[in-house]
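Peer 1: just the structure for this:
(2 chains)
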Amino acid sequence: MSALDVSRAAGERPLITPEGVDLRVRIASTGERAAALLIDLAILLGVTIAGLLLWAGAALAVGEKGGEYLFAIFAIVGFFLRNAWFIVFELAPSAATPGKRALGLRVAARNGGRLTAEAILARNAMRELELFLPLSLLIWATFSRQDGVDGWTNLLGVVWAGVFALFPMFNRDHLRVGDLLAGTWVVHAPKVSLLRDLVDDRPMLQDRFAFTEAQLDAYGVKELHVLEDVLRKVDRKVMTAVAERIRRKIGWTAASDEMDQTFLSAYYAALRGRLETRMLLGKRKRDKFDTA
Amino acid sequence: MAELQLKSHRFRTEREASWRRLESLMGKAQQRAANRLTDEELLEVPVLYRSAMSSLSVARSISLDQGATTYLESLCLRAYLFVYGVRSTPLERLARFFADDWPQAVRKLWPETIAALLLFALGAVTAYVLTLGDPDWFYSFIPADMAQGRDPSTSTAALRGTLYDSDDKLAGFAAFLFTHNAQIAIFAFALGFAFCLPTALLLVYNGLSMGAFVALFVSRGLGLEVAGWLMIHGVTEIFAVVLAGAAGFHIGRAVIQPGDRPRVEAAADAGRTAALAMAGVVAMLMAAGLLEGFGRQLITLDAARFAVAAATALLWGLYFYLPRRRRA
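Peer 2: You can find the predicted model right below:
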C-alpha cells in the first residue's frame, strides 16, 4: 500500500466509488457554503422584488378586485420559488444551485453511491426549519418589539433556531441537519485543466546531464512535486535559487553555458524516472528524509 | 535508448485522448438543457468513465506527474458525480412521484399515521368535552387572533353567519391559509427528529383547537352545519397534517430505535422516506387551501359540502391505500 500512502490535506475525505476507487473529495467549508447560500438568497430576493413590482403594476392595471387574485397567485408562486429553487437546481445534472456552482461546489451522496431525488428533497425540506424559520423569527423579533413574556419567547425561539443555523460549524464534515438526514454532503468539484507533462520539455542533450544514482537519491516525491510547481510557475529568481540549492546538495558543477531552467528540467525528468522506477518495485520514497 | 522514456509519460500519451473526450462530454452535460448529450454520447460516458477511473488508479501507482494525477482526480470526480447523479429529468421524476413514490412512501408510514391520528383525535376529544362542559375553556385552546370574533360571547346568529357568508377576500385568504398550513406541516415533520416530542405536541395542539371550535358551534345547535363547513376542506387538510406528523414520527422513531445501524444512518434512511411523503403533503395542503378559500365560500349548501368531503376522503383513501401492482 505504500504507493497509495499519500498524505491527506485538511478537509479531504475518502469517497469510495462503486468501482472501488478512492476519489478523496474535499469538503466545502462553512464559509464557502455560507457564501453560496448568500448568492442564492440574493438572487431569490431580486426575483421576489421584481415580482412585487410586477404585481403592483398589474394590480394597478386590473383594479382592486383582480389585484386580490394576483396577490394569491403571487403568494403561492413565492412559496414555490423559495422551496423549488434549491430542489430543481440540485436535481439537475450539475447538482448545484447557481450559488454553489459559482463556488465550484456540488451535492453528493455521503456513502459514495447514487445521489437520489429523495435525498435532495429531504435535505431541502429541512432548509425550511434551518433557514427560513430562524429568518422569520429574527424578522418577527426585530419588528414586533414586544416587552415582557413575548419578548423572551421570541428570544428563546431565535436562540433555539440558531442552533440549527450554527450546526454545520460544529461537525467534522460541515453537515447541515438536512445533510445529516438526507445522507448527503457538499463537496468541491473543481474543473482542472490538464497541464502539459514537464517531461516533454526536458533538454535534448540528455547526455550532458548524466546524473548518478546517488545524485538522484538525494530527494523524494515531496521535493519532486515542489520542483514541478517551481517549473510550472517559471519565476526566474526562484528557479535560480532552487537550482543553486540542488547543485550544492548533489555536488553538481554547472557548465558555463548551463541555464538554470534547463538544469532543473533535466533533473526533474531524471528524478521522476528514478522515483517512478523504484515505485514500480514497491518503494515509494516519500521525501528526502525517507531512507528506507 | 539514450532517449529517456518514462513509463508514466508513455501511459499519459496513450490515454490522453480518451480523457479529453470525457472532459468535453462532461462540459457539455453541465451546460443548459438546450445542448444535452445525444444517445450515442450518453452510451459513451460510462465506458470513458470506467477507463478514466482505471487510469487514475494506474496513475496513482506508477506516475509522479502531479499535473496529470490532479487532473484525473478532478475529471473522475466530475464524471462520477454525473454517472451516479440523479438519473431523471424533473418532469419524469414528477410523474413517477405521483404515480408510485408518494403513495408508496405514505403506505410505509402507516403505523406512524395511526399514532398521529390518535394524538390528533385525543386533542380534539379532550377539548371538545372540556369546552362543552365549560365554555371558558375555549379561550385556553384558541388564541384571540385565530378565533376572529368567533368565541362564546358571539351570538348564535353571528356564528351561523360565519359559516355561510362568503368572504370578500377569497383568493388572498386561500393563499394565506395554504402557506400557514404548509408551515405547520413542515414544522411537524422537521421537528420529528427531536425524539417525536415536538411533533406530538403540535398534533395534540391542533386537535385541541379543532375540538374547542366544534364544541362552541355544537353548544349552539350548529353541529351539523359546522361539520360541513369544516369537513369540506378538513378531510384533506387534517389528513395532510396527520401525514406530516407521521413523517416526523418516522424520523423520530429511527433516532430512538436505530436498530443495528448507526443512529445517523438510520435517521438518514427514515428521512428519505419521510421527505417523499412530505413533498406530497405540500401538494395536498395546496388542494386543501383551494377548497377552503374557494370551495367553502362558493358552496354553501350543507349537502354539497358533505358530498365534497366524502369525495375527497374516498379519493385520498383509494389513492394511498388501494393495493396496486408494483412497477419494476
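
Peer 1: got the buried residues for the helix or strand hosting residue A:271?
Peer 2: Element membership for residue A:271, per DSSP states H and E: helix A:260-280. For helix A:260-280, a neighbour-count test (16 or more other CB atoms under 10 Å in any protein chain shown) marks A:260-276, A:279 as buried. For the C-beta atoms, the positions are set from N, CA and C on the backbone; glycine is no exception.

Peer 1: who are the packing partners of whichever strand or helix holds residue B:206?
Peer 2: Secondary structure from DSSP H and E places residue B:206 in helix B:197-219. Secondary-structure packing of helix B:197-219 (3 or more CB pairs under 8 Å, 6 or more residues apart in numbering or on different chains; DSSP states H and E): helix B:110-133, helix B:137-141, helix B:156-164, helix B:170-190, helix B:223-256.

Peer 1: one step back: could you list which of the buried residues of helix A:260-280 also contact chain B?
Peer 2: Among the buried residues of helix A:260-280, the residues within reach of chain B (CB under 8 Å from any CB of the partner chain) are A:269, A:270, A:272, A:273, A:275, A:276, A:279.

Peer 1: for chain B, which helix or strand comes out least confident on mean pLDDT?
Peer 2: For chain B, scoring each helix and strand by mean pLDDT, DSSP states H and E identifies helix B:144-147 as the least confident one, at a mean of 64.

Peer 1: what sits against the spatially most central residue of chain A?
Peer 2: Residue closest to the average C-alpha location in chain A (CA atoms, centre = their mean): residue A:188, at 2.8 Å. By CB atoms under 8 Å, 6 or more residues apart in numbering or on different chains, the residues touching residue A:188 are A:25, A:26, A:27, A:28, A:104, A:105.

Peer 1: okay, and the beta partners of it?
Peer 2: residue A:105 (DSSP bridges).

Peer 1: got a pLDDT number for it?
Peer 2: Looking at residue A:188, its pLDDT is 89.

Peer 1: need the single longest helix in chain A, by residues.
Peer 2: helix A:30-91 (DSSP state H).

Peer 1: pick the one among the contacts of residue A:188 closest to chain B.
Peer 2: Comparing those against chain B with CB to the nearest CB picks out residue A:25 as the nearest, at 6.4 Å.

Peer 1: who's the closest one bridged to?
Peer 2: Bridge pairing for residue A:25 (DSSP bridges) gives the partners residue A:13.

Peer 1: can you count the residues close to it?
Peer 2: Residue A:25: 23 surrounding residues under other CB atoms under 10 Å in any protein chain shown.

Peer 1: do I have it right that it meets residue A:186?
Peer 2: No. In this structure, residue A:25 is not within contact of residue A:186 by CB atoms under 8 Å, at 9.8 Å.

Peer 1: common neighbours of these two, please.
Peer 2: Taking CB under 8 Å, 6+ apart as the contact rule, residue A:25 and residue A:186 both touch residue A:108.

Peer 1: can you count the residues close to the nearest residue to residue B:282 once chain neighbours are set aside?
Peer 2: Leaving aside its sequence neighbours, residue B:282 sits nearest to residue B:182 (CB to CB, 6 or more residues apart in numbering or on different chains; 5.6 Å). Using other CB under 10 Å, residue B:182 has 24 neighbouring residues.

Peer 1: surely residue B:182 meets residue B:279?
Peer 2: No. Here residue B:182 does not reach residue B:279: they are 11.3 Å apart, not a contact under CB under 8 Å.

Peer 1: quick one: contacts for residue A:18?
Peer 2: A:112, A:113, B:84.

Peer 1: now do residue A:251
Peer 2: Contacts of residue A:251 (CB under 8 Å, 6+ apart): residue A:215.

Peer 1: that one and chain B, how far apart?
Peer 2: For residue A:251, the distance to chain B (CB to the nearest CB, to the nearest Å) stands at 21 Å.

Peer 1: confidence score at that residue?
Peer 2: At residue A:251, the model reports a pLDDT of 84.

Peer 1: which phi and psi does it have?
Peer 2: When read as degrees, to the nearest 10, the backbone of residue A:251 gives phi 70, psi 50.

Peer 1: any idea how far it lies from residue A:260?
Peer 2: Here the criterion is CB to CB, to the nearest Å. By it, residue A:251 lies 17 Å from residue A:260.

Peer 1: got it, and residue B:134?
Peer 2: Separation of residue B:134 from residue A:260 (CB to CB): 97 Å.

Peer 1: residue B:186 too?
Peer 2: With distances taken as CB to CB, residue B:186 is found 65 Å from residue A:260.

Peer 1: thinking again about what came up before, same for the helix holding residue A:271, what does it pack against?
Peer 2: Using 3+ CB pairs under 8 Å, 6+ apart: helix A:260-280 touches helix A:213-216, helix A:221-233, helix A:236-250, helix B:7-30, helix B:39-62.

Peer 1: out of these, the one nearest residue A:81 is which?
Peer 2: Comparing those against residue A:81 with CB to CB, the closest turns out to be helix B:7-30 (23.3 Å).

Peer 1: what pLDDT does the closest residue to residue B:211 other than its chain neighbours get?
Peer 2: The spatial neighbour of residue B:211 that comes closest, neighbours along the chain excluded (CB to CB, 6+ apart), is residue B:127 at 3.2 Å. We have a pLDDT of 91 for residue B:127.

Peer 1: residue B:127: neighbour count?
Peer 2: 26.

Peer 1: do you know how far it is from chain A?
Peer 2: Distance of residue B:127 to chain A, given as CB to the nearest CB: 23 Å.

Peer 1: touching, that residue and residue B:212? I think so.
Peer 2: Yes. Proximity of residue B:127 to residue B:212 meets the contact threshold set by CB under 8 Å, at 4.2 Å.

Peer 1: quickly list what's touching both of these two.
Peer 2: B:137, B:141.

Peer 1: between the helix holding residue A:271 and helix A:236-250, what angle do the directions make?
Peer 2: If you take axes from the mean of the first three to the mean of the last three CA atoms, to 10 degrees, helix A:260-280 sits at 50 degrees to helix A:236-250.
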